[in-house]
Each structure stands twice: as structure tokens, then as C-alpha cells.
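Undergrad: predicted coordinates and the sequence they were generated for:
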Amino acid sequence: MILSDRSLREAIADGRIVIDPFDPACVQPSSIDLKVGNLFRVFRNHTAGVIDVKLDLGKLTELIEIQDDGVFMLHPGEFVLGSTHERVIVPPDLVARIEGKALSIQTPVPTPDGWAELGDLRVGDRVFTDTGHAVRVKDVTEVMLGRPCYELTFSDGSHLVADEAHEWLTTTKRERRTHALPSGRTTGEIAATLKYGREYNHHVHLTRSVLGSDAELPIHPYVLGLWIGDGTSKAAEITTADDEVLDEIRSCGYDVATTTSPLRWRIGGTGHTRDPITGQYARNNSLSSTLRTAGLLGNKHIPTDYLRASVQQRWWLLEGLMDSDGYCGAWGRCEFTTVKEPLAEQVHELVASLGFRPVIAKKPAMLHGVDHGPKYDVTFTPERPVFRVTRKAMRQKSSGRFNRFRAITAVRPVPSVPVRCIEVDHPSGVYLVGRSFVPTHNSSLGRLGLLIHSTAGFIDAGFDGHVTLELSNVASLPITIYPRMKIGQLSFMTMTTPAAEPYGSGAAGSKYQGQRGPTPSRYFENFTLSRETPPPE
């Protein structure tokens with residue numbers, strides 16, 4: 001169980017937990033912000049040819065002290081040891097941990113090739129930034145366990161799970177009054193300032209259209225969208241009474257032919273070639289054959305190639321969908337309706353990838369007062385025309401206010417889940433997550449290229465001292481580190497029982513008890529104990 005802000009304050013007031021010096025303003029909902037000290041250990045690699053862990057390598061590092069008003073410069077590719085400004089004492093029944101900022105490893109992440117889970121991403125994989133460009137993942141952390149986690153709910157109904165220290169780019173009510181730029185805020189900070197009066201305080205901006213490449217698509221996107229909406233499931237035919245729709249199909253290079261039904265039209269030539277022996281029709285380049293080859297006949301869906309095609313191709317696809325099963329209400333809100341939930345989710349993805357804020361609503365499909373099962377409405381308010389058909393396009397508003405944000409409407413604690421961080425090769429450090437393409441990033445330090453870890457992993461029950469930190473610059477520019485700037489968040493977790501031999505009680509492995517400032521490795525002192533003990537003869 002992770003200690004809450006109330007429990008943290010009580011434990012500090014009772015002297016069970018010591019954070020010295022203690023700043024009450026650093027208490028978060030389930031952690032305490034810690035600051036970096038003014039002592040750093042720099043590695044002098046020229047003094048040794050190899051790091052042999054069974055030897056005392058105390059001379060491998062040099063202690064550097066920075067004045068309180070000075071700055072430590074961490075250069076690209078450099079790894080140094082720092083430490084917390086605060087002395088930390090952990091009671092015998094608690095364990096502590098310092099971490100960076102992370103999202104659930106099951107968070108879906110849009111990529112140029114489709115979808116991936118955050119936990120599956122590797123260095124070199126590509127994701128999208130909020131500018132729509134694809135960028136490389138340049139670093140990933142190990143999976144972290146036991147972190148305090150929260151579920152964030154957005155005004156479009158989407159949900160994401162992140163740890164308390166994960167940061168989001170938001171604007172607050174006060175900042176919006178002065179048109180200020182978004183600022184990075186942790187999940188914990190957002191939870192503590194969720195509302196401003198009766199209004200939701202934090203807004204997250206929408207992404208631009210994600211940029212795909214012109215794809216070799218077997219069916220024109222507009223025609224595919226029309227067929228998905230108004231087409232016959234098992235034939236290359238559509239049902240329409242609108243001559244404009246037929247003209248648009250012809251403009252895409254397809255012939256339109258009448259059928260036995262006055263409102264049903266065949267798209268493209270049949271081109272049937274029949275085998276005289278088997279009696280079967282051979283496949284050809286007709287629309288019917290192309291639909292069959294793509295696995296679309298009897299299975300209407302949007303293929304992944306179309307969802308990751310160029311912006312123009314995806315726009316044509318959306319126009320086809322909206323000209324068939326789309327509608328525009330009196331206030332300019334556009335809506336696509338289907339009885340197929342998977343198709344609704346794909347249309348939601350398509351609309352979100354174009355930089356809009358879609359919402360899916362499940363409703364009963366009523367006809368003459370009879371409930372025919374569920375239907376799914378995908379609604380959004382675009383600032384660009386999404387219809388080609390005149391009678392529909394006339395209803396869409398072309399001016400006025402278009403909200404380019406989603407509000408955070410709830411932040412609630414959830415059971416801890418495995419989380420991790422990624423770093424992207426982009427100056428902003430921003431990348432998109434979730435089915436709604438929500439912009440996010442790690443900490444303000446992480447997006448600048450500074451990776452922070454505690455050398456101890458878990459800080460044992462009974463520990464007393466300054467916590468040594470591993471600081472790495474994975475950026476291409478130097479990073480300034482100022483003494484007493486916030487460096488990480490410390491969480492405390494309860495143990496099943498108090499430790500029988502707390503850290504520092506004389507048990508093996510207590511060699512860092514009482515350390516001040518960054519302390520080099522003393523692994524060599526217990527090297528023989530770390531190896532498997534041979535069985536007695």
C-alpha cells in the first residue's frame with residue numbers, strides 16, 4: 001500500500017519518516033518531491049582500463065562541489081552520480097522508491113505502421129509528435145512496478161493510466177485568460193487542481209493531422225468510404241438517390257451502371273472471365289474482385305493501409321464515409337452512424353488522426369418505435385468541410401468557435417500497474433498516446449534528455465542518508481543542473497511486517513548507511529557474498 005499525502009504528513013510529523021530539510025509544499029498526493037544536492041561525482045575513465053566490480057574503484061570518480069548559486073553542466077552522453085539535497089530516513093515498516101515519470105505499459109501508441117503498446121516499443125521504433133511528424137524512439141526505461149497510478153478521464157470520454165509523476169502539457173483557466181503557452185504538470189498536480197470554481201481547470205491541446213505517406217491503395221479512398229457506408233456488403237454496389245454521389249464516383253475514375261433496382265448502382269465494370277471447365281469467375285481488376293482480395297466483401301472495415309495513408313487520402317476516405325452515412329446537425333456537429341462497433345472505432349481513429357476530437361456514443365437503433373439493437377454515433381465538430389454532397393455541406397458551419405482542446409475531467413487513483421517511460425528524438429519531447437491521439441511527454445527533465453534513477457532501486461527499511469542518483473544526458477546538447485532544483489519524487493510503501501533486520505542494523509549490505517552526497521560503488525566489499533555459495537563437501 002502506498003502512503004497518501006495525509007499519511008506522509010502524519011509520519012513526518014511523528015518523526016517516523018525524516019525528510020531533512022522538509023518543505024511542506026513538496027508533498028504530492030502520494031509522494032514527496034525531492035531536490036538535487038550540490039555534490040556530484042564525475043567519472044574519470046582514463047584512470048582505469050576496465051571497471052572490475054570486485055576491486056575498489058574509489059579513484060575512478062572525482063567529487064565536485066557546486067556553489068548554491070552555481071550550476072553543474074551535464075554534457076551529451078555523460079553519466080554522473082548526484083544525490084538528494086535531503087537526508088532521508090525510512091522507518092522499519094516502510095520501503096521507498098525514487099522514480100521518473102511513466103505511463104502504463106498497456107497504453108496504446110499510434111505509429112506509422114498501426115498500433116503498438118507502450119511496453120512493446122524499442123529504441124528506433126517510430127511514433128508521432130503533436131506536429132503530426134513521425135519520430136524515432138531514442139530511449140526507453142525498464143518497466144517499473146509499485147508506482148502510484150491514476151486514471152485520467154478526458155472530456156471526449158477517453159481514458160489513460162499514468163503514474164503520479166508523469167507529466168502532461170496543459171493550460172489552466174488563469175493561463176488561458178492571458179493566452180499563455182501550455183506548461184508541464186504532473187498527474188498528481190493535475191489531481192490537486194482539477195477544477196477552477198465549477199470549471200475544469202486543465203485543457204490539453206489537440207494534435208495536428210498525423211502525416212502519412214501517399215500509399216498505393218487498391219480502391220480510391222472516397223469510393224471505399226461510400227461503399228462502407230452505403231454499399232451492398234457482398235457486392236460492388238451502392239444504394240443512393242443522389243446524382244451528386246454518382247458524379248463523384250465517376251470523377252474518381254469508376255464507371256457507374258444501373259442494376260435491376262432503381263436506387264442500386266454497380267460501381268466499376270464486372271470484367272468477369274468464366275472458366276469453362278470449373279464454371280468459376282476468375283479474379284480481375286474490377287472493384288468487386290478488389291474488394292474480395294482485400295477481404296472486404298461480407299466484412300466491411302477500414303484497412304490499416306488507409307488509416308495510415310497520407311492526410312489527403314484519409315480526408316477523401318472521410319468524405320466518402322460522411323457523404324454516405326454522415327450527417328451534420330444544426331450547430332455544425334458532424335456525425336457518422338453505424339451498427340458495427342469495430343467500424344465505429346475505426347472511424348473514430350480516422351477522425352482523431354486528422355486532428356479532431358471525436359466522441360463515440362452507443363444508443364438504441366429505433367425504427368417505428370421498435371428497438372433493433374445498438375447503434376454507434378461518432379460525433380465531431382470540424383473546422384474544414386467533410387462533405388462533397390452539397391445538401392450536407394450546406395449544414396456544416398464554416399466560421400465561429402472551434403474548440404482545439406480536450407479537458408481533463410477526472411483523475412482517480414487506481415491499483416498500481418507496470419509503467420515505463422520513453423524518450424523521443426524531437427526537441428519538444430512530445431508524443432501521442434491513446435486511441436484519441438493525446439499529446440503527452442515525460443518529465444520536463446526527461447524531455448530535455450536527462451534520465452534519473454536511484455542507484456538503490458528500492459530504498460530499504462531502516463535506511464538513513466542522502467540518496468545517490470544516476471544522472472544521464474541522452475540529449476545532443478548540454479543540460480544545466482541547478483542545486484536544489486526538483487529532481488524526482490519519493491514514494492513510500494508499507495511492508496507486510498516490520499523488517500527483522502532493518503538496513504544499518506549490521507546485516508550484510510548496509511554499507512551505504514549514513515552516506516552524505518553521491519557515494520561511489522562499494523560492491524567490492526561484499527563481492528564474495530554476492531556469488532553463489534558452494535555446497536559443503
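TA: That came through, no problem.
Undergrad: so what's residue 317 closest to, chain neighbours aside?
TA: Using C-beta to C-beta, 6 or more residues apart in numbering and skipping residues adjacent in sequence, the residue nearest residue 317 is residue 221, 3.8 Å away. (Glycine included, C-beta is placed from N, CA and C.)
Undergrad: can you tell me how far that neighbour is from residue 215?
TA: When distances are taken as C-beta to C-beta, to the nearest Å, residue 221 and residue 215 turn out to be 9 Å apart.
Undergrad: higher neighbour count, the two?
TA: Neighbours of residue 221 and residue 215, each counted by other C-beta atoms under 10 Å, are more numerous for residue 221; the result is 24 against 15.
Undergrad: so what does that one have for phi and psi?
TA: Note on residue 221: its backbone torsions stand at phi -60, psi -40 [degrees, to the nearest 10].
Undergrad: ok, it - contacts?
TA: Under the criterion of C-beta atoms under 8 Å, 6 or more residues apart in numbering, the neighbours of residue 221 are 306, 309, 313-314, 316-317, 320.
Undergrad: most widely separated two among the residues you listed?
TA: 309 and 320 (13.1 Å; C-beta to C-beta).
Undergrad: walk me through which strands the helix or strand hosting residue 374 pairs with, and which way each runs.
TA: When secondary structure is defined using DSSP states H and E, the element that contains residue 374 is strand 370-380. Here strand 370-380 has these sheet partners by DSSP bridges: strand 334-338 (antiparallel), strand 359-367 (antiparallel).
Undergrad: where's the longest one relative to the chain centroid, distance-wise?
TA: It refers to strand 359-367. What separates the centre of strand 359-367 from the centre of its chain is 29 Å, taken as C-alpha atoms, centre = their mean, to the nearest Å.
Undergrad: in it, which residues are buried?
TA: Neighbour counts over strand 359-367 (16 or more other C-beta atoms under 10 Å) mark 359-360 as buried.
Undergrad: in this protein, where is pLDDT below threshold?
TA: Using pLDDT under 70 as the threshold, the predicted model of the chain has low-confidence ranges 46-48, 57, 99-103, 269-285, 400-401, 442-457, 474-477, 506-509, 524, 526-537.
Undergrad: what's the domain layout of it?
TA: Split into domains by automatic domain parsing, the chain comes to 5-100+447-530, 103-206+404-442, 221-393.
Undergrad: picking up where we left off before, could you export the strands paired with strand 370-380 as CSV, including distance to residue 120?
TA: Compiled in CSV, the strands paired with strand 370-380 are given as follows (distance: least, C-beta to C-beta, whole Å):
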stretch, distance to residue 120
strand 334-338, 30
strand 359-367, 25
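Undergrad: give the bridge partners for residue 335, please.
TA: With DSSP bridges as the rule, residue 335 is bridged to residue 327, residue 379.
Undergrad: swap that for residue 18, sorry
TA: According to DSSP bridges, the partner residues bridging residue 18 are residue 89.
Undergrad: relative to residue 512, how far out is it?
TA: Applying C-beta to C-beta, the value for residue 18 to residue 512 is 16 Å.
Undergrad: who has more neighbours, those two?
TA: For residue 18 versus residue 512, the count of surrounding residues by other C-beta under 10 Å is larger for residue 512: 21 against 15.
Undergrad: residue contacts, that one?
TA: By C-beta under 8 Å, 6+ apart, residue 512 lies in contact with 456, 463, 465, 468, 519, 522.
Undergrad: distance-wise, check the fifth one relative to residue 466.
TA: In this structure, residue 519 and residue 466 are separated by 8 Å, where distance is defined by C-beta to C-beta.
Undergrad: which parts of this structure are helices?
TA: Under the criterion DSSP state H, helices of the chain are mapped to 5-13, 173-177, 187-192, 221-230, 243-251, 287-293, 304-307, 311-325, 341-353, 390-393, 527-530.
Undergrad: residue 309 and residue 320: which has the busier surroundings?
TA: residue 320 (27 against 22).
Undergrad: quick one, what contacts the residue nearest to the more buried one when sequence neighbours are not counted?
TA: Distances taken as C-beta to C-beta, 6+ apart put residue 225 closest to residue 320, at 2.2 Å, once the chain neighbours are dropped. Taking C-beta under 8 Å, 6+ apart as the criterion, residue 225 is in contact with 316-324.
Undergrad: let me see the ranges of the strands in the stretch 1-150 of the chain.
TA: In the stretch 1-150 of the chain, strands defined by DSSP state E, counting those that start in this stretch lie at 18-20, 27-28, 31-35, 39-43, 61-65, 72-74, 79-89, 94-99, 103-104, 108-111, 114-117, 126-128, 134-140, 149-154, listed in chain order.
Undergrad: so which of those is the most surrounded?
TA: Per-residue neighbour counts averaged over each of those give the maximum for strand 103-104, namely a mean of 24 (mean count of other C-beta atoms under 10 Å).
Undergrad: how about stretch 298-315 as PDB, C-alpha atoms only?
TA: Below are the C-alpha coordinates for stretch 298-315, written out as PDB (Å, rounded to 0.1, in the frame of the first residue of the first chain):
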ATOM      1  CA  GLY A 298     -19.000  -9.500 -46.300                       C
ATOM      2  CA  ASN A 299     -16.600  -7.800 -43.800                       C
ATOM      3  CA  LYS A 300     -16.900  -4.100 -44.000                       C
ATOM      4  CA  HIS A 301     -14.000  -2.400 -42.300                       C
ATOM      5  CA  ILE A 302     -11.200   0.200 -42.900                       C
ATOM      6  CA  PRO A 303      -7.900  -1.500 -43.800                       C
ATOM      7  CA  THR A 304      -4.800  -0.300 -41.800                       C
ATOM      8  CA  ASP A 305      -3.200   1.000 -45.000                       C
ATOM      9  CA  TYR A 306      -6.000   3.500 -45.400                       C
ATOM     10  CA  LEU A 307      -5.800   4.600 -41.700                       C
ATOM     11  CA  ARG A 308      -2.000   5.400 -42.100                       C
ATOM     12  CA  ALA A 309      -2.200   6.800 -45.600                       C
ATOM     13  CA  SER A 310      -1.500  10.500 -46.500                       C
ATOM     14  CA  VAL A 311      -3.600  13.200 -45.000                       C
ATOM     15  CA  GLN A 312      -5.200  13.800 -48.400                       C
ATOM     16  CA  GLN A 313      -6.100  10.200 -48.900                       C
ATOM     17  CA  ARG A 314      -7.500   9.900 -45.400                       C
ATOM     18  CA  TRP A 315      -9.500  13.100 -46.000                       C
END
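Undergrad: ok, residues contacting that stretch?
TA: Contacts with stretch 298-315, where a contact means C-beta under 8 Å, 6+ apart, come from 112-114, 132, 209-215, 217, 221, 224, 228, 231, 233-234, 294, 296, 317, 340, 342-343, 346-347, 349-350, 353-354.
Undergrad: counting neighbours, which of those end up buried?
TA: By the neighbour-count criterion of 16+ other C-beta under 10 Å, those include these buried positions: 132, 209-210, 212, 217, 221, 224, 228, 231, 294, 296, 317, 343, 346-347, 349-350, 353-354.
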